[in-house]
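Enquirer: dropping the sequence and predicted coords here.
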Amino acid sequence: MTHHLARYSVILTQLADIFIIFFSGVLCFLLYFQESIFKSGNDAWLVMTTAVASVIIFSFINVYDTWRGKVRVALVARLSRGYCYVALLLFSTLFLCKLGDHYARGWLILWLTFAFIGTVLLRIAVYRVLHHVRVRGWNKRSVALVGNADSCWSVLQSLQHAPHTGFHVTALRLDDRIDAYPFPENTAFIADNLTFVCDEIWICLPLRESYRLEALLRQLSLLAVDIRYLPDMSDFRLMNYQLSSIANHYVFDLNCSPMRGLPRILKWLEDKIIAVLMMIVFLPVMLMVALMVFIFLGRPIFFRQERLSWNGKPFVMYKFRSMPVNQQHDAVWGQADQKTTSLFGKFLRRSNLDELPQLWNVLRGEMSLVGPRPEQTHYVEQFKYEIPNYMQKHMMKAGMTGWAQVHGFRGDTDLRKRIEYDLWYIENWSLWLDFKILYLTARQMILPKKS
């Protein structure tokens, strides 16, 4: 897209936002008061003035910046912040002008809610259209890749598998190994950094060669194009890495838990709501199991053991006892199936009914419904030196079930595979993934596979 078209697209988006905010006010007035807003000129002027002021506020907080190459969640968050400013300005103005009694707060809140939903839906629709347009080869920005051959090839492949991003590599400036990869024939190989003709230049270097960045930036600063730096992190096993800002300093988050901000709140709500419902539903089952444990195995009914959860914090995990007392503390990895137990104990373990008391751990905030399974303290001290990236599994709360467990990695199974599944879960966490794991766990409890 040329700069002229980009400018026109911003103007069109601003006009569309004004229309949506104004129309939302008119519609909500009709729904709330059962009459047209145009019977009262003051109400109509308030809606129009607020719509125009909203677009001005959105412009100041960069809501209308280009979407290309940006995280959509961050764009929606920026739009949400804009509406918070609009609401603050609107209610403050009405209060200072002593007009609060003239306007129903219910209508104002309904109006801003509808307007926010409408502007979000507009952006989703535009994004869908751009997605299809770019897949067909239109609306592309030309990109030149500069730097390491391996890193440039990795970026090129990623762009080829994601044409909807709207970037197309047209030129390369490689330091070495030009023939190492089958680069497209229509890609130009440039010998001089100052001969690029493109919309953007991306510097692709592994972190071990980041010392070259200053020299490249000095050369490329003579060109009037956008320059981006794409550090190649493939040499490291990182988790949820991103660029952030702290006290006006750019910070690379290399290994960070996804449980920050809104995701942490959503995960907390998920755990508490579903755990309470499960406690109510399974209370008769838990009482029955407790009685059967008492009859077949005697006291104690519960098995308690110290495990590690989020950030390596120890806690006491509860289970229904399924083994004799003299064996439940024997800690020998890989021999769980060799421990003596009754048929009833085997049934508890295979059906996962012995895990139900951990709902109490979830309600206490020590565990989550879904997450990496917790391990005993002395095993953690052993495995963190033997298994690469083992401690990264403790960047989320331990779970009653997890991505590894629904794929068959329970108990003393291949630990390295379990860690791979646990880390994949942490890197790709979402509420929908949690619901999927809970569904698969319930299905496996009802229809257990034969061992």
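Expert: Now that the structure is in, tell me what you want to look at. Nothing here was measured: the structure is a model prediction, and the numbers come from that model.
Enquirer: which residues of the stretch 251-400 of the chain fall in strands?
Expert: Here the stretch 251-400 of the chain has its strands, by DSSP state E, counting those that start in this stretch, at 302-308, 314-320, 368-370, 375-376, 399-401.
Enquirer: can I get the CA coordinates of the second one in CSV?
Expert: In this case it means strand 314-320. C-alpha atoms of strand 314-320 as CSV (Å, rounded to 0.1, in the frame of the first residue of the first chain):
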residue,chain,number,x,y,z
PRO,A,314,6.2,-26.3,47.8
PHE,A,315,2.7,-27.3,48.8
VAL,A,316,0.9,-30.4,50.2
MET,A,317,-1.0,-32.2,47.5
TYR,A,318,-4.0,-34.5,48.4
LYS,A,319,-5.1,-37.7,46.8
PHE,A,320,-7.2,-40.6,47.9
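Enquirer: now the angle from that strand to strand 302-308?
Expert: If you take axes from the mean of the first three to the mean of the last three CA atoms, to 10 degrees, strand 314-320 sits at 150 degrees to strand 302-308.
Enquirer: in its sheet, which strands sit next to strand 314-320, and in what direction?
Expert: strand 302-308 (antiparallel) (DSSP bridges).
Enquirer: the partner strand - what's its average pLDDT?
Expert: For strand 302-308, mean pLDDT is 89.
Enquirer: what do you get for stretch 277-291?
Expert: 92.
Enquirer: can you list the buried residues in that stretch?
Expert: Counting neighbours by 16 or more other CB atoms under 10 Å, one finds that the buried residues in stretch 277-291 are M278, M286, V289, A290. For glycine as for every other residue, the C-beta is placed from the backbone atoms N, C-alpha and C.
Enquirer: which residues does it contact?
Expert: Residues outside stretch 277-291 that contact it (CB atoms under 8 Å, 6 or more residues apart in numbering) are I301, F320, L348, L353, D354, L356, P357, L359, L363.
Enquirer: just to be sure, F236 is in a helix?
Expert: No - assessed by DSSP: H, G, I helix; E, B strand; the rest coil, F236 does not belong to a helix; its assignment is coil.
Enquirer: spell out which residues make up each domain of the chain.
Expert: As assigned by automatic domain parsing, the chain contains the domains 3-135, 141-235, 262-446.
Enquirer: include distance to Q242 when you put the ones you listed into CSV, please.
Expert: Formatted as CSV, the domains of the chain follow (distance: least, CB to CB, whole Å):
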stretch, distance to Q242
domain 3-135, 9
domain 141-235, 11
domain 262-446, 12
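Enquirer: quick check: which of these is nearest to N255?
Expert: Closest to N255 of the domains of the chain is domain 262-446 (CB to CB; 6.4 Å).
Enquirer: circling back: want to throw the strands of the stretch 251-400 of the chain into CSV with distance to R81 and mean neighbour count?
Expert: Below are the strands of the stretch 251-400 of the chain laid out as CSV (distance: least, CB to CB, whole Å; neighbours: other CB atoms under 10 Å):
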stretch, distance to R81, mean neighbour count
strand 302-308, 37, 16
strand 314-320, 37, 18
strand 368-370, 29, 26
strand 375-376, 41, 19
strand 399-401, 33, 25
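Enquirer: which residue packs closest to L205, ignoring adjacent ones?
Expert: The shortest distance from L205 to any non-neighbouring residue, by CB to CB, 6 or more residues apart in numbering, is to G147 (4.5 Å).
Enquirer: how about the helices in the protein?
Expert: Secondary structure of the chain, counting by DSSP state H: helices at 3-33, 41-60, 72-96, 105-135, 149-160, 213-220, 262-296, 343-351, 358-363, 377-386, 403-406, 415-427, 431-446.
Enquirer: phi, psi of the closest residue to L46 other than its chain neighbours?
Expert: Leaving aside its sequence neighbours, L46 sits nearest to Y103 (CB to CB, 6+ apart; 7.2 Å). Backbone torsions of Y103, given as degrees, to the nearest 10, read phi -130, psi 130.
Enquirer: ok, and the most crowded of the contacts of stretch 277-291?
Expert: Neighbour counts for those (other CB atoms under 10 Å) peak at L348, which has 25 neighbours.
Enquirer: what about it, distance to R208?
Expert: L348 sits 52 Å away from R208, going by CB to CB, to the nearest Å.
Enquirer: okay, now V169: neighbour count?
Expert: V169 is flanked by 21 other residues according to other CB under 10 Å.
Enquirer: that one bridge partners, please.
Expert: V143.
Enquirer: show me what contacts it?
Expert: S142, V143, A144, L145, V155, L156, L159, P184, T187.
Enquirer: surely the first one is in contact with D199?
Expert: Yes - the criterion here is CB atoms under 8 Å, and S142 meets it with D199 at 4.9 Å.
Enquirer: neighbour count winner among the two?
Expert: The residue with more neighbours, out of S142 and D199, is D199; 18 against 15, by other CB under 10 Å.
Enquirer: so which of the helices of the chain is the most packed in?
Expert: Counting by mean count of other CB atoms under 10 Å, helix 403-406 has the highest mean neighbour count of the helices of the chain, with a mean of 24.
Enquirer: which helices and strands sit right next to it?
Expert: Here helix 403-406 touches helix 415-427, helix 431-446, going by 3 or more CB pairs under 8 Å, 6 or more residues apart in numbering; DSSP states H and E.
Enquirer: count of neighbours near A104?
Expert: So A104, with other CB under 10 Å, has 13 neighbours.
Enquirer: need phi/psi at it.
Expert: Torsion angles, degrees, to the nearest 10, at A104: phi -70, psi 130.
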